[in-house]
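# Fold the following.
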Amino acid sequence: MSAPVFRTATSVDVPALVTLVTSAYRGESSRSGWTTEADLLDGARIDPAVLAHDIARADSRVVVIDGEDGRPLACAHVAIEDGVGYFGMFAVDPTLQGRGTGDALLRECERVARDEWCLPAMRMTVIDVRDALIAFYVRRGYRRTGVHKPFPYGDTRFGIPRRDDLRFEVLEKTFGAAA
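Prediction:
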């Protein structure tokens, strides 16, 4: 695979990005990749209005990698929150997972936070029962903080839980001076 080309999403991208993110996390299509949450949650993974807001607001960027056909293959949201970078909405087409696309996109979002915005660290929240996903981030320098946040039960914009023990854990990576 050639080096990916990154671009910033616009409001025109909202429908295609909702489709991409949903395919990576929900339903049968997500099971062809390793990031599926299909056994944990049903329903939406990203609300179009929330995504449109993230694209439009200051100190926020949705980074996209397109395929040769112009269809988004991967995306992630990076923003400034509480003086550090926040990383979320990370999705790679399930049929392309495990090929380095996600690694490249994560590195690009870290570069934005570290080099363009001069932030000291990146944080994210991950459902704490997602052991393989947490291990993916730990291998890339993130650490489990032990800080937990409640899952938004009852807010169907973020999915319909299939279990009652879901919560988020905050992961963090500090950028070194030579990073």
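# strands paired with the lowest-mean-pLDDT helix or strand in the chain, and their directions?
None of the helices or strands of the chain scores lower by mean pLDDT, DSSP states H and E than strand 41-42, at a mean of 80. Taking DSSP bridges as the criterion, strand 41-42 forms sheet pairs with strand 160-161 (antiparallel).
# outside of the strand it pairs with, which residues touch it?
40, 41, 42, 43, 151, 153 (CB atoms under 8 Å, 6 or more residues apart in numbering). Every residue, glycine included, has its C-beta placed from N, CA and C.
# Quick check: next helix or strand after that strand?
Going down the chain from strand 160-161, the next helix or strand is strand 167-174, by DSSP states H and E.
# Can you say which of the contacts of strand 160-161 are buried?
40, 41, 151 (16 or more other CB atoms under 10 Å).
# can I get those in a markdown table with distance to residue 90?
Conversion of the buried ones among the contacts of strand 160-161 to a markdown table gives the following (distance: CB to CB, whole Å):
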| residue | distance to residue 90 |
| --- | --- |
| 40 | 16 |
| 41 | 16 |
| 151 | 18 |
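# Just the closest of those to residue 75, please.
Residue 75 has its nearest neighbour among these in residue 41, at 18.9 Å by CB to CB.
# So that closest one sits against residue 162, correct?
Yes. Using CB atoms under 8 Å, residue 41 is in contact with residue 162, at 6.1 Å.
# how about the strand or helix carrying residue 20: buried residues?
Take DSSP H and E as the rule and residue 20 turns out to sit in helix 14-25. Neighbour-count burial for helix 14-25 flags 14, 16, 17, 18, 20, 21, 22, 23, 24, 25 (criterion: 16+ other CB under 10 Å).
# which residues in the protein form helices?
Secondary structure of the chain (DSSP state H): helices located at 14-25, 48-56, 101-111, 131-139.
# In the second one, which residues are buried?
Neighbour-count burial for helix 48-56 flags 51, 52, 54, 55 (criterion: 16+ other CB under 10 Å).
# Looking at those, spot the one nearest residue 171.
Nearest to residue 171 among the buried residues of helix 48-56 is residue 54, at 19.4 Å by CB to CB.
# any idea of the pLDDT on the closest one?
Note for residue 54: predicted pLDDT of 96.
# any idea how far it is from residue 86?
10 Å (CB to CB, to the nearest Å).
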